[in-house]
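Novice: Curious how this folds, go ahead:
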Amino acid sequence: MSDKKDKPKLKIVSSNKNPDKNKLTAKQLGFVKSLVYGDEENPNGMTLSQAYKKNYSVSPNTKPSTIRDMASKLKANPFITHMILKLTEEKNRRNIVTDIKKEELILNKLTEFMNNEDFSDSARVRSAELIGKHYKLFTDVTEVTNKDKSTIEVEQQLREKLGKLLEK
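Specialist: Residues are numbered from 1 along each chain as shown. Below you'll find the model as predicted:
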């Protein structure tokens, strides 16, 4: 029998430095990205079947129902579902930032038109109008204050009004 000192010390070696954070394979991650981001033909994301076909080797003889079934099973994986949600939220945040930048650019351009005397008066007025609409300067606001009255107060007011009517 050999001594414990003679045995080599073994280490677990992994190329994945964060095993908890990255539990998806390259194909699974490609599937998720295809669902969320799509490609040139589908810029708003692909269907499950399209994403599955793009990232997994599928035989031309495979039935569409089998592809749908496999894609649905893949999407049901909790790690994949979590990554889809994460990437979708990230995409939505980026879209909001892009929309805000576009809005600022348009408002700056309208302000430039409005203040530039080289443009016609009608263009300048139209620019001012669009800026005003953006800031909701032309909407009518009606404030309604609803004061809740007790039944005693309502009864008293009704008696007063009835008394006035009966006097006539």
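
Novice: okay, CA-based contacts and neighbour counts for the rest of this
Specialist: Fine.

Novice: Now do the strands in this protein.
Specialist: According to DSSP state E, the chain carries no segments that qualify as strands.

Novice: so residue 123 makes contact with residue 116?
Specialist: No. Residue 123 lies out of contact with residue 116 (Cα atoms under 8 Å); the separation is 9.9 Å.

Novice: which residues do these two both contact?
Specialist: With contacts taken as Cα atoms under 8 Å, 6 or more residues apart in numbering, not a single residue reaches both residue 123 and residue 116.

Novice: Now for residue 50: which residues touch it?
Specialist: Residues near residue 50 by Cα under 8 Å, 6+ apart: none.

Novice: where are the low-confidence patches of the protein?
Specialist: 1-5, 10-22 (pLDDT under 70).

Novice: try 80 this time
Specialist: In the prediction, the chain carries residues with pLDDT under 80 at positions 1-22, 139-149, 168.

Novice: Based on its surroundings, how many neighbours for residue 69?
Specialist: The burial count assigned to residue 69 is 14, neighbours taken as other Cα atoms under 10 Å.

Novice: so who does it touch?
Specialist: The contact partners of residue 69, taken as Cα under 8 Å, 6+ apart, number zero.

Novice: Isn't residue 83 up against residue 32?
Specialist: Yes. Between residue 83 and residue 32 there is a contact at 7.1 Å, judged by Cα under 8 Å.

Novice: Looking at the two, which one has more neighbours?
Specialist: With neighbours defined as other Cα under 10 Å, residue 83 and residue 32 compare such that residue 32 has more, 29 against 19.

Novice: for that one, what are its contacts?
Specialist: Applying Cα under 8 Å, 6+ apart, one finds that residue 32 lies in contact with 51, 80, 83, 84.

Novice: Wait, the first one touches residue 35, no?
Specialist: Yes. With contact defined as Cα under 8 Å, residue 51 counts as touching residue 35 (6.0 Å).

Novice: Could you check which of these two is surrounded by more residues?
Specialist: With other Cα under 10 Å as the criterion, residue 51 and residue 35 differ in neighbour count, and residue 35 comes out ahead with 25 against 22.

Novice: can you tell me which residues contact that one?
Specialist: Residues in contact with residue 35 (Cα under 8 Å, 6+ apart) are 45, 46, 47, 48, 51, 84.
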